[in-house]
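S.K.: Okay, here's the prediction I keep looking at, along with the sequence it came from:
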Amino acid sequence: MKNFNFFFVSMIISSLSFGQVDSYSEDFDSLSAGDYMGVVGAANGWTTWSGTTGTAEDVQVSDSMSNSGSNSIYFDGAPGGGAHDVLLDFGGEYNYGTFTVDLELYADSGFYWNLQGNTSPGITFPLQMYCLDDSLQINDAAFFYYYEDYMNYGEWAHFTMHMDLDSNVWTVLLNNDTLASFPNAMINQVASMDLYPLDAHHDFFIDDVMWTWDTTVVTPTSDTTQIIVGGDTAWVIDGDTFEMWDGGYVPYGVEELDNGAVSMYPNPANDVLTVSFGRKVTNLEVSLVDIQGKQVFANFKNVDGRNQSLDVTNIPSGVYIMKGSSKTFNFRKSVVIQH
């Protein structure tokens, strides 16, 4: 079910615990072409917006296109042509730990899906991903965080949605490149994914769907190395990076790893925005652009050190992209300016 209403609600705060990993993956290859996912996948959370499975609202397995194996699921936006409002229920409302959703998508035209924040669909839309007029747009139903041309039509593309629910950092990646990373202004919680063709011209295939919820407590080993990332202490344990939280080791945020520990504060910003690079940079060029790609700051060149403060008093309220590049360091981060 599409939703283009932008509004704020209070974030949910809940008690935290660690020590659990839940996951689910589906490549559709053990199923038969024509199977309805709301029927054969019901035990794993597949259903529809209205709960009417095995009908035109439900999605069927297809053997005409796949990223791996032989099968996928196909969404046809043509009137009467195919499924709409298909839900993958994650089995609860997750508001702590880290939650990751991966999927492969093949589209010749537009597509749309969203994450729902509540077990009852239609209450909150904390993440929406859609392509209109060849532009990929990302929002949390309160702010836009990404708006650029989609360049992957006619090929399989790998999307990752990583939610650090402990820190309220939501990150969207395309083919392992970060598109947007932001604090969710809608609700820091996830419960299901809704797949929906936006209009009659949209058709797309989905394959290799996976979700993981991780609250694992990590125990240091002899291979543990202590490092400093963005001024914070982190630990590399058996090749993975962790931080200390509430007395336990928890996975270190995707944002810090993918963007070289760059952080911006306050976010939303009102008058002065400070960019912290997490480590000393040299000859870095920094610029701020709007979601249309128009530069709103003249480039700051030859930035050195660990921090840069910018006066955003005269920048209109909205969502912007901060870009930085040098010979050895690159980052791209979203920031909200709100007066």
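M.R.: That came through, no problem.

S.K.: Could you check how many residues crowd around residue 60?
M.R.: 22 (other C-beta atoms under 10 Å). Glycine gets a C-beta too; all of them are placed from N, C-alpha and C.

S.K.: for residue 274, same thing?
M.R.: Here the count is done by other C-beta under 10 Å, and residue 274 has 14 residues near it.

S.K.: Could you tell me the per-residue confidence at the residue nearest to it when sequence neighbours are not counted?
M.R.: Distances taken as C-beta to C-beta, 6 or more residues apart in numbering place residue 309 nearest to residue 274, at 5.0 Å, with adjacent residues excluded. We note a pLDDT of 84 for residue 309 in this prediction.

S.K.: Surely residue 309 is in contact with residue 269?
M.R.: No: with contacts defined as C-beta atoms under 8 Å, residue 309 does not count as touching residue 269, sitting 10.5 Å away.

S.K.: out of those two, which sits in the more crowded spot?
M.R.: residue 269 (20 against 9).

S.K.: Please verify my assumption that the more buried one contacts residue 334.
M.R.: No: with contacts counted by C-beta under 8 Å, residue 269 stays clear of residue 334, the gap being 11.8 Å.

S.K.: measure residue 28 to residue 138 for me?
M.R.: For residue 28, the distance to residue 138 under the criterion C-beta to C-beta, to the nearest Å works out to 26 Å.

S.K.: what about the helices in the stretch 1-150 of the chain?
M.R.: For the stretch 1-150 of the chain, helices defined by DSSP state H, counting those that start in this stretch occupy the ranges 37-40.

S.K.: what ranges do the strands span in it?
M.R.: For the stretch 1-150 of the chain, applying DSSP state E, counting those that start in this stretch gives strands covering 21-26, 46-48, 61-62, 72-76, 86-94, 98-107, 112-116, 127-132, 135-139, 144-149.

S.K.: To residue 263, which of those strands lies closest?
M.R.: The stretch from those with the least distance to residue 263 (C-beta to C-beta) is strand 144-149; that distance is 15.7 Å.

S.K.: Centre of the chain to the next helix-or-strand element following the closest one, how far?
M.R.: For strand 144-149, the following helix or strand on the C-terminal side (DSSP states H and E) is strand 156-164. The gap between the average C-alpha position of strand 156-164 and the chain average comes to 6 Å, counting by C-alpha atoms, centre = their mean, to the nearest Å.

S.K.: Next, the angle from strand 156-164 to strand 112-116.
M.R.: Regarding strand 156-164 and strand 112-116, their directions subtend 20 degrees when assessed with axes from the mean of the first three to the mean of the last three C-alpha atoms, to 10 degrees.

S.K.: Can you report the mean pLDDT over the residues of the helix or strand following strand 156-164?
M.R.: Secondary structure here is assigned by DSSP H and E; on that basis, the next helix or strand after strand 156-164 toward the C-terminus is strand 169-174. Summarised as a single mean, pLDDT over strand 169-174 is 90.

S.K.: before we move on, back to that, for the residue nearest to residue 274, which three-state class applies?
M.R.: With DSSP: H, G, I helix; E, B strand; the rest coil as the basis, residue 309 sits in strand.

S.K.: mind checking which helix or strand of this structure has the lowest mean pLDDT?
M.R.: helix 254-258 (a mean of 35; mean pLDDT, DSSP states H and E).

S.K.: Quick check: next helix or strand after that helix?
M.R.: The C-terminal neighbour of helix 254-258 among helices and strands, as given by DSSP H and E, is strand 263-265.
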